[in-house]
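Engineer: need a 3D model of the following:
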Amino acid sequence: MQRQTSQRVAIEAAFVSAGRPLVPQEIIDAAREQVLSGNLTTVYRTLKRMVDE
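Structural biologist: Numbering: from 1, shown residues only. Now for the predicted structure:
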């Protein structure tokens, strides 16, 4: 089980609330509105985790 960090929560929220497909850069830009940190590696890992679930 992986930790639910504030970055992951923000990435998942950005992805879900968009209501449309997003490219990774759009996801990180939206997530940065909620948390100050985060990078594309975190986006890709979070997306993989969402797919695996």
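Engineer: what about the residue nearest to the spatial centre of the chain, distance to residue 45?
Structural biologist: Nearest to the mean C-alpha position of the chain, counting by CA atoms, centre = their mean, stands residue 11 at 2.0 Å. Distance, residue 11 to residue 45, using CB to CB, to the nearest Å: 9 Å. For the C-beta atoms, the positions are set from N, CA and C on the backbone; glycine is no exception.
Engineer: was I right to think residue 40 contacts residue 29?
Structural biologist: No. The pair residue 40 / residue 29 is not scored as a contact, 10.7 Å apart, by CB atoms under 8 Å.
Engineer: give the buried residues for the one helix or strand residue 46 maps to.
Structural biologist: Assigned by DSSP states H and E, residue 46 belongs to helix 40-52. Within helix 40-52, the residues that count as buried by 16 or more other CB atoms under 10 Å are 42-43, 46-47.
Engineer: how many residues are close by the nearest residue to residue 44 once chain neighbours are set aside?
Structural biologist: In space, residue 44 comes closest to residue 24 once its chain neighbours are excluded; the distance is 6.6 Å by CB to CB, 6 or more residues apart in numbering. Residue 24 has 15 neighbours, counted by other CB atoms under 10 Å.
Engineer: can you tell me how far residue 24 sits from residue 31?
Structural biologist: 10 Å.
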